Each structure stands twice: as structure tokens, then as C-alpha cells.
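Student: What follows is a predicted protein model with its sequence.
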Amino acid sequence: MSWRLASWFSLSALVVVLDQFTKWLALTGLANGEVITVTSYFKLVLVFNPGAAFSFLADHSGWQRWFFVILAMVVCGWLAALLRHHQHERALPAAFALIIGGAIGNVIDRLIHGAVVDFLYFHYDRFGWPAFNLADSAITVGVVLMLWTQLRPASTSSSLEKTS
């Protein structure tokens, strides 16, 4: 394995470690459903999401746990293959590494807790974003970075992407 590929996988591992550490802090510092107000727009609240983003499929009987575990692992395998192919670039492998790390962090939750541990809640007045975690943030940043890399002009991407 080249040092570049190892460094991208190290980024994924760092995301997993930071995600699991922050979830451990939430699990040890908060009771289920407990709310701690940090600012007028940010709260810590411990919730368990058995579904996907925005609680998609959360109200089903439990089959979705294994569906999302298998789906995440298949996607991680595919992204790892893409990461290997694009390892000498900058933005695209960073995007893949962030998504892989976030997906693995949430898979660990599903395997240990049966649901994803969420604890960050942002809101304004009575409008709020569903609670999320560091893994969700890494996945979101990775997807945005991947889309940005794919949608920018080819001349810009070819000159900025490659590293020696």
C-alpha cells in the first residue's frame, strides 16, 4: 500500500475515532432524551436513530438495521476502490475518505446500539435540524466535496487535482 493510500485511509480512521469518542462523551454525559442548552440555537440531546438520514425507515420493525449495515459496507468497499484509483488526487480521495469514515462510525453504532447515536441539535426558534453526529457531518462534507469536484470545470480540476 502506498503512503498516499495509507494517508487517505488514516483520514477515515481519524473520523471513526473522533466520531466514536464524541458519541462516548454523549452516551456517558447525557441520559436518553436529555437536553442541555449550549446556546440559543444549539443543544446537546441524546437520541438513537434506527433509521437513516432524517429518520428514514426508523419506524420499521428492525430489518433496516441490517439493511443499512450491509448497504454502508458495500458503499465503503466501492469508495475504497475509487479511493485507491484516485489516491494521487486531493479533493476526491479526501471526499471518499470522509464518507468511508462517517459510514463506518455509524455502522459501529448500529452493531453496538442497534441504532445511530445522535446528539448535536441546531435550531432557530421552533425550526430545527434533526439531531446528528460527527459521522453524519463527515459524510455530508464528503458528499459536498465529491459533488464539487465532479461539477467544477475540467480545466480547473485537472490542474488542481493532481499532486506529485
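Tutor: Yep, it's here. For clarity, every value in this text was computed on a predicted model and none was experimentally measured.
Student: Regarding this structure, what is its longest helix?
Tutor: helix 3-29 (DSSP state H).
Student: buried set for that one?
Tutor: Neighbour counts over helix 3-29 (16 or more other Cβ atoms under 10 Å) mark 5, 8-9, 11-12, 15-16, 19-20, 22-23, 26-27 as buried. C-beta here means a position set from N, CA and C on the backbone, and glycine is covered the same way.
Student: Confidence-wise, which of those comes last?
Tutor: In terms of pLDDT, the lowest of the buried residues of helix 3-29 is residue 5, showing 91.
Student: And the contacts of stretch 84-104?
Tutor: Residues outside stretch 84-104 that contact it (Cβ atoms under 8 Å, 6 or more residues apart in numbering): 2, 4-5, 8-9, 11-16, 19, 72, 75-76, 79-80, 82-83, 134-139, 141-143, 145-146, 148-149, 160-163.
Student: just checking, what packs against the longest helix of the chain?
Tutor: On a contact count with 3 or more Cβ pairs under 8 Å, 6 or more residues apart in numbering; DSSP states H and E, helix 3-29 meets strand 42-49, helix 63-85, helix 91-113, strand 116-124, helix 134-151.
Student: okay if I get those as JSON lines plus mean neighbour count, mean pLDDT and distance to residue 34?
Tutor: Conversion of the helices and strands packed on helix 3-29 to JSON lines gives the following (neighbours: other Cβ atoms under 10 Å; pLDDT from 0 to 100; distance: least, Cβ to Cβ, whole Å):
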{"stretch": "strand 42-49", "mean neighbour count": "18", "mean pLDDT": "94", "distance to residue 34": "6"}
{"stretch": "helix 63-85", "mean neighbour count": "15", "mean pLDDT": "90", "distance to residue 34": "24"}
{"stretch": "helix 91-113", "mean neighbour count": "22", "mean pLDDT": "96", "distance to residue 34": "16"}
{"stretch": "strand 116-124", "mean neighbour count": "19", "mean pLDDT": "95", "distance to residue 34": "10"}
{"stretch": "helix 134-151", "mean neighbour count": "18", "mean pLDDT": "96", "distance to residue 34": "19"}
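Student: Good, wrapping up.
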